[in-house]
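>>> can you look at this prediction? I've put the sequence above it.
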Amino acid sequence: MKDIAIYTLTSSLHDEAAVGGVTREFLSSLGIEYSFKGSDFSEYGRHDLDLIFVRTGGSEGIILPMIPELRARSKAPFYLLTSGKSNSLAASLEILSYLRQNGMKGEVLHGSPEYISGRISLLERVGAARRKLDGRKLGVVGKPSDWLIASQANYAAVKAASGIELLDIPLQRVNEICSTLPEQKDEELLSKAPTQGIKDSISDALKIYEALKAIISDNELSGLTIRCFDLLTSMRNTGCVALAKLNSEGFVGCCEGDVPTMLSMAVSRAVTGVSGFQANPSRIDPQTGELLFAHCTIPFEMVESYELDTHFESGIGVGVRGWMKNGDVTIFKVSGDLKRHFAAEGRLVRSQAEANLCRTQQVIMLDDPSQAKYFLTDPIGNHHVIIPGHCRAELDALMESLQG
């Protein structure tokens, strides 16, 4: 069931019977499910998508005193629906101009019924994603890794734009919880370990997972990012298995204390309902648009098969090498203040297992090879998120709404 509400603005100069007939005909042509609220705006802001149907000219002055209250109820842009009759479009343009002059975002929905209904369907999905993000809490366990010099986050800006609250949690808490846990065992993971050394490391890898699950529960988190390389010293292990499991369970799990990448994963999950693979570009062909991404973990739910190895850089602990089904993918990244993003669609053409790279390796061909230039001229950090399927339109629309 679509959660769409339609409110109306109508000048008293127009005959209600005539306007009502146009309204019924126009809304019927769109073929969408909606709740008709008329001129009663008391529930504005409570739905995935609130549409203001500007039915006639002369209605600009009606909405003017309402704008502050409507803005206080919803952070979403104002979406003005027009029929193209009774000067509906002209009034909508005047209202949108006023909104823009006063620092507010909006959009006039005008065109063929097919265009308008398609746009409404997209905006309803975007609104649903916004509502999923609002009020969520994400943990930053330890500070970002020292080498992530461009991957900081503006906690206040993130909260204002999306409603997401970022919580700092001491990394020491992981070690404290792990020290209280008994030996852990998982027969499936043991069956994926090719050496006795990796088998022996699985128990501590699972302790890290249990510790992160406890932190999520204790702090009512939707996910977290962890300064995982410090675990190489304190536990002779990594968070790769823990994050692969957490993502597969519906949480957001991110490496290296990378907050912008964690936000990217949270946004993409809100839009698609599936996990994303955090990875860094290892090779780029700017002429063909071929990209090689690699990292030592991938959500288990994303792969057709996997095996365990050591963590690449350290050669210790447990890393994950996964093979995802070839097909359409989207590459996505947001900045640490949510004011900028990158989204590109492509195709996973193969996975590989070179010895001199992080364990999970994906070769992706961009649909638009010119977008490879972004990585070499204006990237948002090094980590990006690989998402199954094509979802650039939804991601662009959501980020545009958050950046207003």
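Happy to help now that I have it. Keep in mind that this is a model prediction, so the values were computed, not measured.
>>> CA only for contacts and neighbour counts going forward, please
Noted.
>>> got a pLDDT number for the spatially most central residue of the chain?
The centroid of the chain falls nearest to Val267 when counting by C-alpha atoms, centre = their mean (1.4 Å). Here, the pLDDT recorded for Val267 equals 98.
>>> give the contact list for Tyr7.
When contacts are counted by C-alpha atoms under 8 Å, 6 or more residues apart in numbering, Tyr7 touches 36-41, 50-53.
>>> kindly report the same for Phe342.
Phe342 neighbours (C-alpha under 8 Å, 6+ apart): 331-334, 380.
>>> which stretches of the stretch 101-250 of the chain form strands?
Remark: strands assigned in the stretch 101-250 of the chain by DSSP state E, counting those that start in this stretch are 106-109, 137-141, 165-169, 223-226.
>>> just the helices in the stretch 1-150 of the chain please.
In the stretch 1-150 of the chain, the helices defined using DSSP state H, counting those that start in this stretch lie at 16-30, 60-63, 67-73, 88-101, 113-133.
>>> just checking, what packs against the longest helix belonging to the chain?
If you go by DSSP state H, the chain has its longest helix at helix 196-219. Applying 3 or more C-alpha pairs under 8 Å, 6 or more residues apart in numbering; DSSP states H and E, one finds that helix 196-219 contacts helix 172-178, helix 187-191, helix 240-248.
>>> and the nearest residue to the residue nearest to the centre of the chain once chain neighbours are set aside, what's its pLDDT?
Nearest residue to Val267, sequence neighbours excluded (C-alpha to C-alpha, 6 or more residues apart in numbering): Leu133, at 7.3 Å. We note a pLDDT of 97 for Leu133 in this prediction.
>>> for the helix or strand of the chain with the lowest mean pLDDT, packing partners?
None of the helices or strands of the chain scores lower by mean pLDDT, DSSP states H and E than helix 16-30, at a mean of 85. Where contact means 3+ C-alpha pairs under 8 Å, 6+ apart, helix 16-30 is packed against helix 113-133.
>>> run the chain-centre distance for the helix it packs on.
Here the centre of mass of C-alpha atoms in helix 113-133, compared against the chain's by C-alpha atoms, centre = their mean, to the nearest Å, lies 15 Å away.
>>> then that helix to PDB, C-alphas only?
In PDB, the C-alpha atoms belonging to helix 113-133 read as follows (Å, rounded to 0.1, in the frame of the first residue of the first chain):
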ATOM      1  CA  PRO A 113       0.000  11.400 -16.600                       C
ATOM      2  CA  GLU A 114       2.700   8.700 -17.200                       C
ATOM      3  CA  TYR A 115       5.500  11.100 -16.300                       C
ATOM      4  CA  ILE A 116       3.800  12.400 -13.200                       C
ATOM      5  CA  SER A 117       2.800   9.000 -11.900                       C
ATOM      6  CA  GLY A 118       6.400   7.700 -12.500                       C
ATOM      7  CA  ARG A 119       7.800  10.700 -10.600                       C
ATOM      8  CA  ILE A 120       5.300  10.200  -7.800                       C
ATOM      9  CA  SER A 121       6.200   6.500  -7.500                       C
ATOM     10  CA  LEU A 122       9.900   7.400  -7.200                       C
ATOM     11  CA  LEU A 123       9.300  10.200  -4.700                       C
ATOM     12  CA  GLU A 124       7.200   7.900  -2.500                       C
ATOM     13  CA  ARG A 125      10.100   5.400  -2.400                       C
ATOM     14  CA  VAL A 126      12.400   8.300  -1.500                       C
ATOM     15  CA  GLY A 127      10.100   9.400   1.200                       C
ATOM     16  CA  ALA A 128       9.900   5.900   2.700                       C
ATOM     17  CA  ALA A 129      13.700   5.800   2.800                       C
ATOM     18  CA  ARG A 130      13.800   9.200   4.500                       C
ATOM     19  CA  ARG A 131      11.500   8.000   7.200                       C
ATOM     20  CA  LYS A 132      13.600   4.900   7.800                       C
ATOM     21  CA  LEU A 133      16.700   7.000   8.300                       C
END
